[in-house]
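In: Curious how this folds, go ahead:
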Amino acid sequence: MDSLGLMDNLELKRYLVYLHLMNYAKSQPDMAMMAVNTFVKDCEDPNPLIRALAVRTMGCIRVDKITEYLCEPLRKCLKDEDPYVRKTAAVCVAKLHDINAQLVEDQGFLDTLKDLISDSNPMVVANAVAALSEIAESHPSSNLLDLNPQSINKLLTALNECTEWGQIFILDCLANYTPKDDREAQSICERVTPRLSHANSAVVLSAVKVLMKFMEMLSKDLDYYGTLLKKLAPPLVTLLSAEPELQYVALRNINLIVQKRPEILKHEMKVFFVKYNDPIYVKLEKLDIMIRLASQANIAQVLAELKEYATEVDVDFVRKAVRAIGRCAIKVEQSAERCVSTLLNLIQTKVNYVVQEAIVVIKDIFHKYPNKYESVIATLCENLDSLDEPEARAAMIWIVGEYAERIDNADELLESFLEGFHDESTQVQLQLLTAIVKLFLKKPTETQELVQQVLSLATQDSDNPDLRDRGYIYWRLLSTDPVAAKEVVLAEKPLISEETDLIEPTLLDELICYIGTLASVYHKPPSAFVEGGRGVVHKSLPPRTASNESTESPETAPAGAPPGEQPDVIPAQGDLLGDLLNLDLGPPVSGPPLATSSVQMGAVDLLGGGLDSLMGDEPEGIGGTNFVAPTTAAAPANLGAPIGSGLSDLFDLTSGVGTLSGSYVAPKAVWLPAMKAKGLEISGTFTRQVASISMDLQLTNKALQVMTDFAIQFNRNSFGLAPAAPLQVHAPLSPNQTVEISLPLSTVGSVMKMEPLNNLQVAVKNNIDVFYFSTLYPLHILFVEDGKMDRQMFLATWKDIPNENEAQFQIRDCPLNAEAASSKLQSSNIFTVAKRNVEGQDMLYQSLKLTNGIWVLAELRIQPGNPSCTVRAPAPATPRPWSLLSLPGQGLALVEDVVQASLQAWLEPQSVLSLGRTFLESFQLNPVKLPR
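Out: Alright, predicted model coming up:
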């Protein structure tokens, strides 16, 4: 017994000595070197605990001189017969790699680590995976974890037998794997699902991460998909029974999951009801999730809870609860009246902060449902004197200005705010200026003195540039063209979205890949808070299957939202790129205007008998010419356009850069000069090939420092263009280095009319700063491949259009015959529906369709031997009663601009940027969106 006690005592002393060496090795490296022989000797000790302790201590001593002595003992320990020694040696490889990466590679330790993935002991496998993952994170370009179905099977086998932290390492590794098909994804999900019942919350969240990622590849039609949704809910609910700190982490992760797949927890609303003893940070997070899960089915239950919360004593929580009632009204239209009634009851309490918060949310309800709940304005005006917070005062001023014609004493109310104009916050000043201008436009004879007073205060007595500029804009509008001022200031406003705080979809997909990590708590990618390049790897979900493109099932779509319409996403203020709408971006980068060559001609029907003969109703046309169906021509090899042209030369009249197939591709132009972006130069162009749109970028580092952490974001634009994937710059961009990247684009982003219509505002971020620029994209990249209209539909649509609604243009210097013109236009998805010859002229009847479903029709006349050709473009007299859901909130005016811009891109290839105001002002289209 004494000898055993002595041995234990010696081991304890040895451990304490090793611990002392680890702590003082950096400050006294020479003394640490004296212990090397002891370490090497202990690596041969018969006791496996001593061997493991020795190799672990050598790995923890971060002294370069010791590393060369560590190699041989480490090699032996990696192949030790005892699994405890092997798993300790696996971790030691990662530590040694951090000190001297080249030495680890030269000694072949990485290959040995990969072999350990096949080890018989699950803990050795887990540590090998952890070590390889850590090394891979510090060297993203290396392909250390080259996973395949065989290695995945080994990891899944080890998953059931290793410790909880080993399970986390393996699950995180599985999350980085992309299955080859949906069957493999389902197989992995089936074997990972048992981890959801684990007692350790970290294991549960890691398993949820794997399942959320692989669900992207599963079809919603599968029975297993529904089963998996049901299995995901209970473990997430169980996490909410832990201590508050763990609850908060779970809630932040659930917030992401609910945004991605709300159907998982749609029946679990009650677990998110606030408890009296919950900390404030848990209460606020639960409240946020309640709103996200609110639907027509549970709104009564939610509103009853929120009304109770609004009577609590915690001011921040009460404010959030009142604001949540407003969000319910906006999200679930059927509940709006009940929500407004609840808010009015809260206003009657006369609690100051409750009243002010209620007025702010009622303003949003007015914005969402105009001319519906204005009867409550009188109640709001009674509380005017109690408003002392800028946001509430600004909201009340907006209400008074917006409904000034319904408030008898609107001028007196606004004048009372004007008395202390210079003491108000900027938010209130800007709102007051706009409200008084609205009032003047509605009641000009009564408020002329008031509007002059506020314009004088804003322009002459204010130092705020935003306020001063807005004042000058209003002043010049009112003084030069009051009609235009009325159209601008009193224009119909787009309805606000039901969800204004959703995370941007691309960022959300990336954060789903980081569930269970700090990124999922911050709701920011690691690149936003991890200093340096270590460990910052951009991740994304696997591509969706065809039947699983929607992330939201029909039953969980926001109430009142049309099918297929996604809510606009406004980035949070904390977003690194911010909301581009709040930024003052410069004018679009484009080349100098070209000379116009459009000629207005009389609306003469050169076909005589109309288009009936196109469909074979008449055997012969005018002059005895027969109708000839167009022949399908192969896409031309090289299509060109001027470099400065924002809209491409579809007829290949000049030299340019082309592709072997697909539509014309303009040469890359410099979008962001290096002198404006601290050394970063960005050139690019746009392409469309095989039904996909890409932004081809060339990034050049002309600075003296390395550039990393690239990201990109688009402002809302006319056609909803948005990045379909993160900007992937896989290696740091060194000085004088250039990298070319193809960024896939989608057309499902937020829509907002731009001027010009094809203007795109872009923000690019790197480790230095955020840079902004704007460019013009060629409209033909939006022409879809199924734009060939049925001939019967073409004829019926064309015949509905009266002659006075047609516009004609002449294209000069177009030395193409009908076949060549048809072929070149078809390569850009402009299709010839029919062709005929009338009195020596070739007549091409053509159609195209834009990505948002709008059709454009035209007739192209070509005289053989004549270098000019004429285009006749019709516009229907009245809009058809077809839905314009593809352009939410913009209405017919935006559709008109879309068709006009399409015609420019199509019909006037050499001078598309300079057709002039004459064309845009005189060509008053009233287009339609045909049913798909």
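In: Got the domain ranges for this structure?
Out: 1-146, 294-385, 389-493, 669-777, 782-879+890-905 (the TED database).
In: would you turn these into TSV with mean pLDDT?
Out: Shown next, in TSV, are the domains of the chain (pLDDT from 0 to 100):
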stretch	mean pLDDT
domain 1-146	76
domain 294-385	88
domain 389-493	89
domain 669-777	89
domain 782-879+890-905	71
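In: Dump these into CSV; add distance to residue 522 as well.
Out: Every C-beta, even on glycine, is put in place using the N, C-alpha and C of the backbone. Listed next are these as CSV, based on distance: least, Cβ to Cβ, whole Å:
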stretch, distance to residue 522
domain 1-146, 18
domain 294-385, 20
domain 389-493, 26
domain 669-777, 15
domain 782-879+890-905, 35
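In: export the ones you listed to a markdown table and tack on mean neighbour count and distance to residue 258?
Out: Below are those laid out as a markdown table (neighbours: other Cβ atoms under 10 Å; distance: least, Cβ to Cβ, whole Å):
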| stretch | mean neighbour count | distance to residue 258 |
| --- | --- | --- |
| domain 1-146 | 17 | 28 |
| domain 294-385 | 18 | 11 |
| domain 389-493 | 17 | 27 |
| domain 669-777 | 18 | 20 |
| domain 782-879+890-905 | 19 | 29 |
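In: Quick check: the gap between the spatially closest residue to residue 166 that is not a sequence neighbour and residue 470.
Out: Among residues not flanking residue 166 along the chain, residue 126 sits closest, at 3.0 Å (Cβ to Cβ, 6 or more residues apart in numbering). Distance of residue 126 to residue 470, given as Cβ to Cβ, to the nearest Å: 61 Å.
In: can you check residue 400 too?
Out: For residue 400 relative to residue 470 (Cβ to Cβ), the value is 18 Å.
In: what's the answer for residue 743, then?
Out: Remark: distance between residue 743 and residue 470 (Cβ to Cβ) = 35 Å.
In: how long is stretch 72-84 from one end to the other?
Out: 18 Å (Cα to Cα, to the nearest Å).
In: Need the residues that contact that stretch.
Out: Residues outside stretch 72-84 that contact it (Cβ atoms under 8 Å, 6 or more residues apart in numbering) are 39-40, 43, 48-49, 51-52, 54-55, 58-59, 85-86, 88-90, 92-93, 96, 107, 109, 112-113, 116, 119-121, 123-124.
In: hmm, try it at 6 Å
Out: 40, 43, 48, 52, 55, 85, 86, 89, 92, 112, 121, 124 (Cβ atoms under 6 Å, 6 or more residues apart in numbering).
In: next one: stretch 710-717
Out: 577, 580, 722-723, 727, 729, 750, 752, 754, 760-766.
In: between those, which is closest to residue 449?
Out: residue 752 (36.2 Å; Cβ to Cβ).
In: so where's the stretch 551-700 of the chain shaky on pLDDT?
Out: 551-663 (pLDDT under 70).
In: again, only using 80
Out: Low-confidence segments of the stretch 551-700 of the chain (pLDDT under 80): 551-664, 690.
In: And the strand or helix carrying residue 55, what does it pack against?
Out: Per DSSP states H and E: residue 55 is located in helix 48-60. Helix 48-60 is packed against helix 36-42, helix 64-78, helix 83-99, with contacts defined by 3 or more Cβ pairs under 6 Å, 6 or more residues apart in numbering; DSSP states H and E.
In: residues in contact with residue 719?
Out: Contacts of residue 719 (Cβ under 6 Å, 6+ apart): 747, 782.
In: Give the helix, strand or coil label for it.
Out: coil (DSSP: H, G, I helix; E, B strand; the rest coil).
In: after the strand or helix carrying residue 479 comes which helix or strand?
Out: Of the helices and strands defined by DSSP H and E, residue 479 is found in helix 465-480. Later in the chain than helix 465-480, the nearest helix or strand by DSSP H and E is helix 482-489.
In: ok, residues contacting that next one?
Out: 437, 438, 441, 477, 478.
In: Rebuild these as JSON lines, extending it with distance to residue 322.
Out: Converted to JSON lines, the contacts of helix 482-489 look like this (distance: Cβ to Cβ, whole Å):
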{"residue": "437", "distance to residue 322": "30"}
{"residue": "438", "distance to residue 322": "27"}
{"residue": "441", "distance to residue 322": "33"}
{"residue": "477", "distance to residue 322": "37"}
{"residue": "478", "distance to residue 322": "37"}
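In: and which of those residues is nearest residue 238?
Out: residue 438 (53.5 Å).
In: To which secondary structure element is the closest one assigned?
Out: Short version: residue 438 belongs to helix 426-442, going by DSSP H and E.
In: Let me see the contact set for residue 145.
Out: Residue 145 makes contacts with 132, 136, as judged by Cβ under 6 Å, 6+ apart.
In: Look up how far residue 489 lies from it.
Out: 59 Å.
In: Quick check: the closest residue to residue 95 other than its chain neighbours vs residue 131, distance?
Out: Distance criterion Cβ to Cβ, 6+ apart; nearest residue to residue 95, sequence neighbours excluded, is residue 59 at 4.1 Å. Remark: distance between residue 59 and residue 131 (Cβ to Cβ) = 11 Å.
In: Same check on residue 57?
Out: Residue 57 sits 17 Å away from residue 131, going by Cβ to Cβ.
In: which stretches of this structure form strands?
Out: 627-628, 669-672, 680-689, 692-701, 711-714, 722-723, 738-746, 759-765, 770-776, 806-811, 831-838, 841-849, 855-862, 869-874 (DSSP state E).
In: now those in TSV, with distance to residue 257?
Out: What follows is the strands of the chain, written out as TSV (distance: least, Cβ to Cβ, whole Å):
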stretch	distance to residue 257
strand 627-628	59
strand 669-672	37
strand 680-689	35
strand 692-701	29
strand 711-714	23
strand 722-723	22
strand 738-746	23
strand 759-765	26
strand 770-776	29
strand 806-811	52
strand 831-838	44
strand 841-849	37
strand 855-862	40
strand 869-874	50
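In: Out of the ones you listed, which is closest to residue 507?
Out: strand 711-714 (9.1 Å).
In: Which one of the contacts of helix 482-489 is nearest to residue 139?
Out: Among the contacts of helix 482-489, and counting by Cβ to Cβ, the member closest to residue 139 is residue 477, at 58.6 Å.
In: separation between the nearest residue to the closest one once chain neighbours are set aside and residue 449?
Out: Computed as Cβ to Cβ, 6+ apart, the closest residue to residue 477 that is not its neighbour in sequence is residue 485, at 3.9 Å. Distance, residue 485 to residue 449, by Cβ to Cβ: 18 Å.
In: Repeat that for residue 709.
Out: In terms of Cβ to Cβ, residue 709 sits 55 Å off from residue 449.
In: tilt between the helix holding residue 55 and helix 64-78?
Out: 150 degrees (axes from the mean of the first three to the mean of the last three Cα atoms, to 10 degrees).
In: which residues touch helix 48-60?
Out: 18, 22, 39, 42-43, 45, 70, 73, 77, 82, 84-85, 88-89, 92, 95-96.
In: show me the contacts for residue 758.
Out: By Cβ under 6 Å, 6+ apart, the contact set of residue 758 is 776, 777, 779.
In: between those residues, which is closest to residue 856?
Out: Using Cβ to Cβ, those come closest to residue 856 at residue 779, 10.4 Å.
In: Helices of the stretch 151-300 of the chain, start to end?
Out: Residue ranges of the helices in the stretch 151-300 of the chain, as given by DSSP state H, counting those that start in this stretch, are 164-175, 182-192, 201-214, 223-239, 244-260, 280-293, 299-309.
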